[in-house]
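Engineer: this one's sequence-less:
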């Protein structure tokens, strides 16, 4: 087996966009959690929610030239832009959420249109209103030419495996839209001891694992076998949950009635990013999900991001074919832009 080094050309599927400004709130709600921007230190802005600072972000979030320079410095050929998850606006009135999503989607589409060889974009949709979410996804894919959609792990505490979201997943499959699942307002935050940022380090993985498991136990992937769903943060805790879920599937006839295919096999339909910060954990992702399903993800430009994505791949000592799959080919296939379909792996093939 010949080992090679990761050169320039990686596709980073997990990066976030925040606009430099937001439109003024024009709705009728007395107290809407509508974001705004306030000046911060040089090249930074405060994202304000409920008149409080939610996060301070830099011009990396909205300035294409800055992003491109950073990409060139880290060997990233293409970034997939998705909104900062707190902007998905599931907690707004549905009409207000439609306005926010449309603004975000047109902003992302503008960045992509200006640099189509370097950026792909994911939409936000108001999933608190499934019909409206489908209409916005259709607009985002058919009119704005975005590659797909970012969704949270739950919508106002309803996990995405719930049957009420089936029409949305059916529409995403019909549109050929890539789906990126990101943790949002995770369960278990009340169990954390320490600073608020521990939410990202400790609560996100469990939240993602439970959301992914809900798609398995609900049979969503079986009903929509052409759906391309990617899980952020390496699928969170899913890889650790799968052996227990597999044993439950063997032991409990009721679970086999809802899952025609074993959990371990069904899970190989997921794509996952490699944002796990460790070569041993990356090796586990390759073992559990398969080398055709793992992609590069960095969480650019936030503080917890992977700063050297190509160096992280080099640590894994992959053979040439696997390195190409993980660095770029899997991501291009997930995005639906020119990767060979022969690598596609579905559990019912």
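Structural biologist: Happy to help now that I have it. As the structure is a prediction and not an experimental result, all values here were calculated from the model. Numbering: from 1, shown residues only.
Engineer: Can you tell me how far residue 59 is from residue 114?
Structural biologist: 16 Å (CB to CB, to the nearest Å). C-beta here means a position set from N, CA and C on the backbone, and glycine is covered the same way.
Engineer: More neighbours: which of these two?
Structural biologist: Between residue 59 and residue 114, counted using other CB atoms under 10 Å, the more crowded position is residue 59 (16 against 10).
Engineer: What is the neighbour count of the residue nearest to that one when sequence neighbours are not counted?
Structural biologist: Sequence neighbours aside, residue 43 is the residue nearest to residue 59 in space, at 4.7 Å (criterion: CB to CB, 6 or more residues apart in numbering). Residue 43 has 11 neighbouring residues, counting by other CB under 10 Å.
Engineer: Next up, phi/psi of residue 43, please.
Structural biologist: Backbone geometry at residue 43, expressed as degrees, to the nearest 10, gives phi 70, psi 10.
Engineer: name the helices or strands packed onto the helix or strand encompassing residue 287?
Structural biologist: Assigned by DSSP states H and E, residue 287 belongs to helix 279-289. Under the contact criterion of 3 or more CB pairs under 8 Å, 6 or more residues apart in numbering; DSSP states H and E, helix 279-289 touches helix 238-251, strand 271-273, strand 294-295, helix 309-315.
Engineer: next one: the third one to chain centre, how far?
Structural biologist: This points to strand 294-295. Its chain's C-alpha centre and that of strand 294-295 lie 12 Å apart, by CA atoms, centre = their mean, to the nearest Å.
Engineer: So that it lines up with my notes, have the first residue be 47 from now on.
Structural biologist: Understood, numbering begins at 47; the last thing we discussed is strand 340-341.
Engineer: Give me the sheet partners of it and which way each runs.
Structural biologist: The pairing partners recorded for strand 340-341 under DSSP bridges are strand 317-319 (parallel).
Engineer: List of residues touching the strand it pairs with?
Structural biologist: Residues outside strand 317-319 that contact it (CB atoms under 8 Å, 6 or more residues apart in numbering) are 59-60, 274-281, 331, 335, 339-343, 376, 380.
Engineer: and the gap between residue 254 and residue 380?
Structural biologist: For residue 254, the distance to residue 380 - CB to CB - is 17 Å.
Engineer: Residue 225 too?
Structural biologist: Note on residue 225: its distance to residue 380, by CB to CB, is 9 Å.
Engineer: Find the residues that touch each one of those two.
Structural biologist: Counting by CB under 8 Å, 6+ apart, the residues touching both residue 225 and residue 380 are 274, 276.
Engineer: returning to that earlier point: output the helices and strands packed on helix 325-335 in CSV; the columns should cover mean neighbour count, distance to residue 131 and mean pLDDT.
Structural biologist: Listed next are those as CSV, based on neighbours: other CB atoms under 10 Å; distance: least, CB to CB, whole Å; pLDDT from 0 to 100:
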stretch, mean neighbour count, distance to residue 131, mean pLDDT
helix 284-297, 17, 18, 97
strand 317-319, 28, 14, 98
strand 340-341, 28, 18, 98
helix 355-361, 19, 20, 95
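Engineer: can those go into a markdown table with extra columns for distance to residue 123?
Structural biologist: Shown next, in a markdown table, are these (distance: least, CB to CB, whole Å):
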| stretch | distance to residue 123 |
| --- | --- |
| helix 284-297 | 27 |
| strand 317-319 | 16 |
| strand 340-341 | 13 |
| helix 355-361 | 11 |
